[in-house]
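> Mind folding the following:
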Amino acid sequence: MKITQGKYQGLRAVSDRRGVIAALAIDQRSALQNLIAKAKGIETTAVPGEMLEQFKEAVSRVLTPHASSILLDPEFGLPASRSRAKNAGLLLAYEQTGYDKNVPGRLPRLLDHYSVRRLVEAGADCVKILLYYSPFSSAEVNDLKYAWVERIGGECKAADVPFFLELVGYADGVEEKSAAYARVKPEVVTRGVEEFSKPAYAVDVLKVGVPVAMAFVEGRAAANAEQIYTREAAKAHFRQASDAAKLPFIYLSEGVSNETFNEALEIAAEAGSAFCGVLCGRATWKNGVEIFVKQGMDGLNAWLADEGVRNIENVNKQLKAAKSWFDAYEAPASGAVSR
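Numbering: from 1, shown residues only. Next up, the predicted model:
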């Protein structure tokens, strides 16, 4: 596929020399507030925004020398964007955190005071949105989401900036960590990447969860008593989801531990998945939150320089099996070339 000059340059900015995306994700807002609140023993609403800014800034400063880029939010992450290493590109999130639980369908919402143009002016090389998606939702709910993604795709086209779509799968009425969801997760992920690979959405890179719930994979050290997938079945699900994706795609860590995410990437490699990298968040820095709360910035900086670096390097080792997005997008000879 051909790609415009601006989109090509944006993708190059967030990738390594091979065209693999080895990105650090810390655009979490409510999730990070919850972690800090739990460590402090206070209500989430009592967590000051300054704590989020400080934590993100430290993570950016210490860990981006080991990443190709960092994903941040413009609400609390802009100071951190200015602290990133010179080698690291910048992705900015465009969506509001979470969803309104009083409205059915987990409908997405954009940040009120931002547009794609404003995110680019804030320094974004690429723009990311998160979409909660279930192929089992009503046609009315999903059509709202399809139109929403199309509009953002058009906005990114107009600004000539790469569009990353993060798909967070779910099934209505099913707890995401349950065995019931583990049984449908392969279909949720596969149908999601299949749908949003369509040209109408103008997505450039898909950011997706792995197509199995790792806690239910046979042979895992920390596997649940109920094992739903054999390792061979898990690999088959990875291949099926990979084949369904007609665009470059990267894996997110979905809040699991560093060990679990690395095991997932090992299975992806064994399966021959065509993933082009990762946007890894909590699997890298989550355990540093309590250190930050209990020991302050000095403690956090020391933890990041030791365990945080080790975590991100563990993930980087798994990226030897990642494919290059160069294989999907043809570099423009000069000027803007339509995709």
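
> Do a quick rundown of the helices in the stretch 101-250 of the chain.
For the stretch 101-250 of the chain, the helices defined by DSSP state H, counting those that start in this stretch occupy 116-121, 139-159, 179-196, 231-244.

> Let me have those in a markdown table, extended by distance to residue 34 and mean pLDDT.
The way it works is simple: take the backbone N, C-alpha and C, and place the C-beta from them, glycine included. Below are the helices of the stretch 101-250 of the chain laid out as a markdown table (distance: least, Cβ to Cβ, whole Å; pLDDT from 0 to 100):
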| stretch | distance to residue 34 | mean pLDDT |
| --- | --- | --- |
| helix 116-121 | 25 | 98 |
| helix 139-159 | 25 | 98 |
| helix 179-196 | 21 | 97 |
| helix 231-244 | 29 | 98 |
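
> Out of these, which gets nearest to residue 311?
With Cβ to Cβ as the measure, helix 231-244 is the member of the helices of the stretch 101-250 of the chain nearest residue 311 (22.4 Å).

> Contacts for the closest one next, please.
186, 189-191, 193-194, 197, 208, 210-212, 217-219, 229, 249, 267-268, 270-275 (Cβ atoms under 8 Å, 6 or more residues apart in numbering).

> what's the closest non-adjacent residue to residue 191?
residue 135 (4.0 Å; Cβ to Cβ, 6 or more residues apart in numbering).

> Could you identify the buried members of the contacts of helix 231-244?
Among those, the ones that count as buried by 16 or more other Cβ atoms under 10 Å are 186, 189-191, 193-194, 197, 208, 210-212, 217, 229, 249, 267-268, 271, 273-275.

> Which of these fall within strands?
Among those, the members found in strands (DSSP state E) are 208, 249.

> Let me know the pLDDT of residue 247.
We have a pLDDT of 98 for residue 247.

> show me what contacts the nearest residue to it once chain neighbours are set aside?
Using Cβ to Cβ, 6+ apart and skipping the chain neighbours, the partner closest in space to residue 247 is residue 197 (5.0 Å). Contact partners of residue 197, counting by Cβ under 8 Å, 6+ apart, are 203, 206, 244-247.

> Can you pick out the most distant pair from the residues you listed?
203 and 244 (13.8 Å).

> buried stuff in stretch 9-16?
Neighbour-count burial for stretch 9-16 [16+ other Cβ under 10 Å]: 9-16.

> Also stretch 104-123?
Quick answer for stretch 104-123 (16+ other Cβ under 10 Å): 105-106, 108, 110-111, 114, 116, 119-120.

> go on, stretch 32-48?
32-33, 35-37, 40, 47.

> so how far is that stretch off the chain centroid?
23 Å (Cα atoms, centre = their mean, to the nearest Å).

> That stretch - what's its average pLDDT?
On average, stretch 32-48 scores 97.

> returning to that earlier point: number of residues surrounding the residue nearest to residue 191?
16 (other Cβ atoms under 10 Å).

> Distance check, it against residue 204.
22 Å (Cβ to Cβ, to the nearest Å).

> And for residue 219?
For residue 219 relative to residue 204 (Cβ to Cβ), the value is 36 Å.

> Please apply the same query to residue 5.
Taking Cβ to Cβ, one finds residue 5 at 13 Å from residue 204.

> more crowded one of these two?
Legend: neighbour count by other Cβ under 10 Å for residue 5 and residue 204, higher for residue 204 (28 against 15).
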